[in-house]
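K.L.:
A structural model of the following input is requested.
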Amino acid sequence: MNQKRACIYPKDIQRITGRSERYGRKLLNDIKNFLDKEPHQFVTVDEFSDYSGIHVDIVNEYIKD
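P.N.:
Numbers count the residues shown, from 1 in each chain. Below you'll find the predicted structure:
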């Protein structure tokens with residue numbers, strides 16, 4: 001069975017956007033603030049997709065393991 005990750009990491013954002021990993025960490029913090037999440041909570045692929053405007057299928061192509 002092919003399982004995909006439910007959460008997204010700064011390295012994934014780096015691959016998707018072509019920006020630095022530091023930008024990915026900042027973007028994840030911005031998303032957490034926007035969604036009123038605690039610092040220890042994860043950002044899901046769907047939440048990232050909604051926030052960034054990038055279709056979820058495109059995001060999933062980049063995070064294939």
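K.L.:
Could you report the separation of His40 from Arg19?
P.N.:
In this structure, His40 and Arg19 are separated by 24 Å, where distance is defined by Cβ to Cβ, to the nearest Å. (Glycine included, C-beta is placed from N, CA and C.)
K.L.:
Also Lys4?
P.N.:
Distance of Lys4 to Arg19, given as Cβ to Cβ: 23 Å.
K.L.:
which ones are touching the residue nearest the centre of the chain?
P.N.:
Central residue check for the chain by Cα atoms, centre = their mean: the C-alpha nearest the mean position is that of Ile8, 3.7 Å away. Remark: with contacts taken as Cβ atoms under 8 Å, 6 or more residues apart in numbering, Ile8 is in contact with Leu28, Phe42, Val43, Thr44, Val45, Phe48, Val59, Ile63.
K.L.:
Including secondary structure and pLDDT, could those go into TSV?
P.N.:
Output for those, formatted as TSV (DSSP: H, G, I helix; E, B strand; the rest coil; pLDDT from 0 to 100):
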residue	secondary structure	pLDDT
Leu28	helix	97
Phe42	coil	96
Val43	coil	97
Thr44	strand	95
Val45	helix	94
Phe48	helix	96
Val59	helix	92
Ile63	coil	87
